[in-house]
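> 3D model of this:
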Amino acid sequence: MYSVVGCSDCQHLWVVEGRPETTQCPRCRTRHRFEKLKAFAETDSSEAAARVRGSMLADRADEGEFVDPAEIDPDEVGMSDEAYLSAAGLDAEAATAAGERATEGGGSRSRRQVVLDALADLEEPTADAVREYAAEAGVPESYVERALEKLRQAGEVTESDGVYRTL
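Predicted structure coming up:
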C-alpha cells in the first residue's frame, strides 16, 4: 500500500510506503505521525502513487499555488551569469576568460614539482637542462641546485655522467 501525503508545515507532497508509525517530510525534515497526516490517495503500486502525486502537483502549478522546486530548470529562472556580473559592476567577458585560464593550466606547481617535472619530461635531464626548464617556470637556479642535491641525497634521483634519473 502506498499513500500520497502532505506536510502540514510546508505543504510538500510525498509518497509513503506501508503504514509506518512516523514519516519525515523530505523538504522541511519535519517528522509527522503517519496517522495524523492527510492521505490524499492510497494505491497498490508506487508508480500509481507517483502519478497521483504528479497530477496533484500539476494541478497546484496550474492554479499558481505551488511549483515543486525539483521540477524547475534553474537555467530558465532568474538572471543569467552575464547579467548578474554586469549588475555587480564586473566585466562578464573578463570574468569568463579568467575562469577559462584558471581551469586550463591545472593550477600552479611548487618549485620542487617543477624540478621533478623537468626530470620526468626532459629526454636528457642534465643540470643545465633542468635549470633551463625550471627558469621557464620562474624557479631560480640556486633552488634547482639545492633541490637536485637534496633529491640525490634522499635517494630519489641518481646522477650518472651528468644526467639525472629518478629512482
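> where along this protein do the strands fall?
Secondary structure of the chain by DSSP state E: the strands cover 2-6, 13-17, 22-24, 31-33, 39-43, 157-160, 163-166.
> For the fifth one, name the packing helices and strands.
Using 3 or more C-beta pairs under 8 Å, 6 or more residues apart in numbering; DSSP states H and E as the contact criterion, the neighbours of strand 39-43 among helices and strands are strand 2-6, helix 46-62. Every residue, glycine included, has its C-beta placed from N, CA and C.
> Compare those and give me the one nearest residue 100.
helix 46-62 (38.0 Å; C-beta to C-beta).
> So which bits of the closest one are buried?
Using 16 or more other C-beta atoms under 10 Å as the burial criterion, the residues of helix 46-62 that qualify are 49, 52-53, 56-57.
> Could you dump the residues you listed into a markdown table with pLDDT and distance to residue 26 added?
Formatted as a markdown table, those follow (pLDDT from 0 to 100; distance: C-beta to C-beta, whole Å):
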| residue | pLDDT | distance to residue 26 |
| --- | --- | --- |
| 49 | 88 | 14 |
| 52 | 88 | 17 |
| 53 | 88 | 12 |
| 56 | 85 | 15 |
| 57 | 83 | 13 |
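> and stretch 130-145, how far apart are its ends?
End-to-end distance of stretch 130-145 (C-alpha to C-alpha, to the nearest Å): 9 Å.
> buried ones in that stretch?
Within stretch 130-145, the residues that count as buried by 16+ other C-beta under 10 Å are 130-131, 133-134, 139, 144.
> What is the nearest of those residues to residue 92?
Taking C-beta to C-beta as the measure, residue 92 sits nearest to residue 139 out of the buried residues of stretch 130-145, at 35.2 Å.
> thinking again about what came up before, deepest-packed of the strands of the chain, please.
Stretch with highest mean neighbour count among the strands of the chain: strand 2-6 (a mean of 21; mean count of other C-beta atoms under 10 Å).
> what angle sits between that strand and strand 13-17?
Interaxial angle, strand 2-6 versus strand 13-17 (axes from the mean of the first three to the mean of the last three C-alpha atoms, to 10 degrees): 150 degrees.
> got the angle for strand 2-6 vs helix 46-62?
Going by the same axes, to 10 degrees, strand 2-6 makes 20 degrees with helix 46-62.
> Give me the average confidence score over strand 2-6.
Strand 2-6 shows a mean pLDDT of 91.
> Cool, thanks, talk later.
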